[in-house]
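Asks: return a 3D structure for these sequence lines:
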Amino acid sequence: MIGGLSEPKYRDHTMMEPVTMEDMQTVSASYVKILLNHMDFSVEKWNKMLKVTEDFDWEMRKNVFGRLLYEVTQMNDYEIISIKNNIRKTIYRHRFFASSSWAMSEKQLQEYEQLLDKIHISQAEYEYEYLFFGDREYPLLHPVPYETKGEKASNERVTENLIQEKLLEFQSKHYHLEILAELCGKEQYSSLGHHLAKYWKGGKWDFETFAILLKVQPSGTMAVDYMSNVIGEKVSLYPDIISKVKQLGYSDEIISKIYHSEAFWTENIPLISDASDSIKRLFWKLPVSCRKSNVRWVVNESKKYSDLNIFLQHLYWLHHDSPLSAREIFSYMEGIERMPNTQNTQMTDYYMEQFLEIMQKEFLYDDDKCLRISQIEIFFMNLLEWDNMKCFHHIIKRSPELFAQLVAVLYKKDHEPKEANKPDEQYLHNMYTVYHKAHFCPAEEKGEVKEERLRQWVKKFRILLEQNDQVNLFGSMLGRLFSFSPIGKDGYEPCEAVRVLIEDYFDDRMLRSYESAVYNRRGVYSPSAGKEELRIAEAFRTNAEYLTLKYPKTAKIFYSLYYRYKRESERERTDAENGQY
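Replies: Okay, here's the model as predicted:
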């Protein structure tokens with residue numbers, strides 16, 4: 001059928017025409033007019049608009065500012081203060097970086113200041129909120145520019161004086177603190193509590209002020225900030241504060257924060273030691289800062305009530321201030337596997353590496369303690385590199401029981417029925433992780449392998465496999481382990497003792513296993529059109545030729561690797577010629 005639908009459709013083509021700067025300015029001005037007609041009294045839209053007014057000319061900015069002054073009359077005080085804060089931030093940024101090429105001129109900034117003065121808020125207390133924003137220098141409209149020497153100290157001093165002056169003004173006019181506190185409490189962080197401690201009511205402790213801050217902010221952050229700064233080392237006030245807060249029915253979370261503040265200042269055992277277990281558990285959810293006299297108390301208590309990561313952090317702080325002996329660290333590690341472990345932080349692996357290194361150095365040849373340390377290494381195996389699991393190395397290289405146990409869990413028995421019960425999946429995953437990390441050569445110690453010790457290890461390993469009904473795995477398991485052999489004294493691999501054992505126990509399974517393990521250890525690599533594969537192949541061929549006369553079976557493994565990389569080199573070369581990469 002042939003109809004209208006089958007006819008081709010061609011789009012109209014457009015001829016390119018040059019555009020002048022005047023044209024672009026006309027388009028921009030028209031677009032801004034469209035935007036101004038659709039601002040819809042939106043604070044979000046106005047804050048975005050104010051970000052781009054820096055690039056407008058005076059006439060365009062005048063139109064924008066005029067529209068803004070109209071629309072703020074229809075906004076509530078909270079919305080207006082958001083816009084005013086945005087204008088203040090613009091003024092501060094451009095004056096602080098006045099020498100930058102993008103900074104507005106002083107004349108333009110004065111336009112923004114005039115705009116700021118024309119925007120009014122009905123709730124007088126809201127006009128003070130900007131003083132306690134998170135950024136310390138944010139309140140300043142005339143900061144010392146950043147390139148001026150000593151600008152940071154100067155700006156901090158002026159900011160502090162401004163806040164002090166404004167708080168005294170606020171108090172003298174009998175404004176309501178709860179209104180200001182409620183507004184500040186909506187911010188992610190406010191310094192209101194910190195500055196009230198300095199300048200409110202002469203900088204003296206006032207429970208009424210504390211209660212106001214508690215009432216308006218459920219988290220209690222500003223209140224505790226106020227309390228901690230105004231009380232300081234006057235720890236005798238804390239029992240009465242805690243008692244009153246409990247009577248007023250505030251949550252355990254707020255009470256635990258008060259305990260945190262007391263623990264920071266006191267030289268004695270903190271009051272939290274006498275609190276209920278429910279409050280203690282909340283208290284120990286966060287790291288605790290305290291005086292040096294209480295550091296060991298913190299470590300001991302955190303082991304009882306906090307999770308593993310916080311305990312390790314406290315233990316490291318103690319060790320950093322007063323280095324612990326290997327025996328002390330070993331004692332602190334008792335039972336850590338039973339501690340709750342919500343989430344490992346980036347520092348957890350660092351802490352454990354530091355502690356393990358001290359214990360490994362001291363107890364590597366102490367059989368009982370070395371075994372215990374190896375259990376800790378396995379517990380933290382997901383955080384540790386294989387080279388850092390020294391005690392586990394030491395044990396598994398000396399005797400094959402651990403490795404045989406891994407094999408027994410992960411591999412089928414020779415005569416196991418298909419319907420055999422499988423272990424728990426998490427247990428299987430953990431055992432496989434250990435097996436996957438276990439890159440070692442039996443009987444190796446300090447880069448050397450004694451033939452007699454290796455022979456004893458292999459014989460015992462074979463007996464264990466027979467007992468586990470897994471003797472068919474013997475050749476493949478040995479091939480994998482022997483592939484991690486150190487270099488021989490003659491500079492060729494594997495070492496001499498491993499060559500002898502390969503000659504004694506060689507079979508096709510050992511060859512395939514050894515070859516696969518060596519091939520996989522290459523890891524990630526970049527294509528080289530077969531050049532790198534050819535270089536590797538030649539190295540294996542050289543190794544094989546050296547071993548051929550005295551160790552022909554061992555040489556067979558390296559000839560197999562040579563042919564494998566030779567084929568891969570040819571394939572990579574062909575792919576490169578065909579444009580595959």
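Asks: where does the prediction get shaky in this structure?
Replies: Counting by pLDDT under 70, the chain contains low-confidence ranges at 1-15, 134-138, 343-344, 418-423, 580-581.
Asks: center of it - which residue?
Replies: For the chain, Gln346 is the residue whose C-alpha lies nearest the centre (C-alpha atoms, centre = their mean; 5.0 Å).
Asks: who's in contact with it?
Replies: Contact partners of Gln346, counting by C-beta atoms under 8 Å, 6 or more residues apart in numbering, are absent. Bear in mind the C-beta positions are built from the backbone N, C-alpha and C, glycine included.
Asks: so it sits in a strand?
Replies: No: in this structure, Gln346 is coil, not part of a strand, as judged by DSSP: H, G, I helix; E, B strand; the rest coil.
Asks: any idea how far it is from Leu168?
Replies: Gln346 sits 45 Å away from Leu168 when distances are taken as C-beta to C-beta, to the nearest Å.
Asks: again with Tyr432
Replies: With distances taken as C-beta to C-beta, Tyr432 is found 68 Å from Leu168.
Asks: swap in Ala537?
Replies: In this structure, Ala537 and Leu168 are separated by 83 Å, where distance is defined by C-beta to C-beta.
Asks: for Ile269, which non-adjacent residue is closest in space?
Replies: Nearest non-adjacent residue to Ile269, counting by C-beta to C-beta, 6 or more residues apart in numbering: Trp297, 6.0 Å away.
Asks: which ones are touching that neighbour?
Replies: Contacts of Trp297 by C-beta under 8 Å, 6+ apart are 269-270, 273, 290.
Asks: filter these down to the buried ones and hand me the ChimeraX line.
Replies: In ChimeraX, this line selects whichever of the contacts of Trp297 come out buried by 16 or more other C-beta atoms under 10 Å:
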select :270,290
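Asks: where do the strands sit along the stretch 301-450 of the chain?
Replies: In chain order, the stretch 301-450 of the chain shows strands spanning 444-445, 448-449, with DSSP state E, counting those that start in this stretch as the criterion.
Asks: can you add distance to Leu473 and give these back as TSV?
Replies: As requested, these are exported to TSV (distance: least, C-beta to C-beta, whole Å):
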stretch	distance to Leu473
strand 444-445	21
strand 448-449	22
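Asks: tabulate those strands (JSON lines), appending mean neighbour count and distance to Ser278.
Replies: Conversion of the strands of the stretch 301-450 of the chain to JSON lines gives the following (neighbours: other C-beta atoms under 10 Å; distance: least, C-beta to C-beta, whole Å):
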{"stretch": "strand 444-445", "mean neighbour count": "18", "distance to Ser278": "52"}
{"stretch": "strand 448-449", "mean neighbour count": "18", "distance to Ser278": "57"}
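Asks: nearest to His436, out of those strands?
Replies: Closest approach to His436 among the strands of the stretch 301-450 of the chain (C-beta to C-beta): strand 444-445, 18.8 Å.
Asks: what is that closest one packed up against?
Replies: Applying 3 or more C-beta pairs under 8 Å, 6 or more residues apart in numbering; DSSP states H and E, we find strand 444-445 packed against no helix or strand.
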